[in-house]
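Enquirer: Turn this into a structure:
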Amino acid sequence: MIGLTSLKGKQFYLNPDLIYRIDETPDTVITLTDSKTLVVLETATAVIALIIAYRQKIFSGRELLERDNERNEE
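Expert: Numbers count the residues shown, from 1 in each chain. Sure thing, here's the model as predicted:
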């Protein structure tokens, strides 16, 4: 999940697999695969960077390692 900020300043998390397209109009508008739209404070470039970082984390297996480390610390 990637962390984003709504126009009202509320933070929320979005599964990037649900993103169909991102437009700047000049607000950043994210259209989801179900045609719903979200307007966020982040720029399209920032959203793309978050998606790339998320995918790198997933594909590198770091998320599993971090979860295991958190469990071991408890």
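Enquirer: Could you give the number of residues near the residue nearest to Asn15 when sequence neighbours are not counted?
Expert: Excluding its sequence neighbours, the residue lying closest to Asn15 (Cβ to Cβ, 6 or more residues apart in numbering) is Met1, at 5.8 Å. All C-beta atoms are positioned from the backbone trio N, CA, C, and that covers glycine. Met1 has 11 neighbouring residues, counting by other Cβ atoms under 10 Å.
Enquirer: need the strands for the chain, in chain order.
Expert: In the chain, the segments counted as strands under DSSP state E are 2-5, 11-14, 19-24, 28-32, 37-40.
Enquirer: Now tabulate these in TSV and tack on mean neighbour count.
Expert: As requested, the strands of the chain are exported to TSV (neighbours: other Cβ atoms under 10 Å):
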stretch	mean neighbour count
strand 2-5	16
strand 11-14	12
strand 19-24	14
strand 28-32	17
strand 37-40	15
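Enquirer: low-scoring pLDDT stretches of the chain, where are they?
Expert: Counting by pLDDT under 70, the chain contains low-confidence ranges at 62-65, 74.
Enquirer: Mind naming the longest helix for it?
Expert: Secondary structure of the chain per DSSP state H: the longest helix is helix 44-60.
Enquirer: one step back: please report how far the residue nearest to Asn15 lies from Asn72.
Expert: In this view, Met1 and Asn72 are 23 Å apart by Cβ to Cβ, to the nearest Å.
Enquirer: which residues pair with Asp23 across the strands?
Expert: Under DSSP bridges, the beta-bridge partners of Asp23 are Val29.
Enquirer: Next, the contact list for it, please.
Expert: Residues in contact with Asp23, defined by Cβ atoms under 8 Å, 6 or more residues apart in numbering, are Val29, Thr31, Ala44.
Enquirer: Adding distance to Ile52 as columns, could you present the residues you listed in a markdown table?
Expert: Formatted as a markdown table, the contacts of Asp23 follow (distance: Cβ to Cβ, whole Å):
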| residue | distance to Ile52 |
| --- | --- |
| Val29 | 20 |
| Thr31 | 19 |
| Ala44 | 13 |
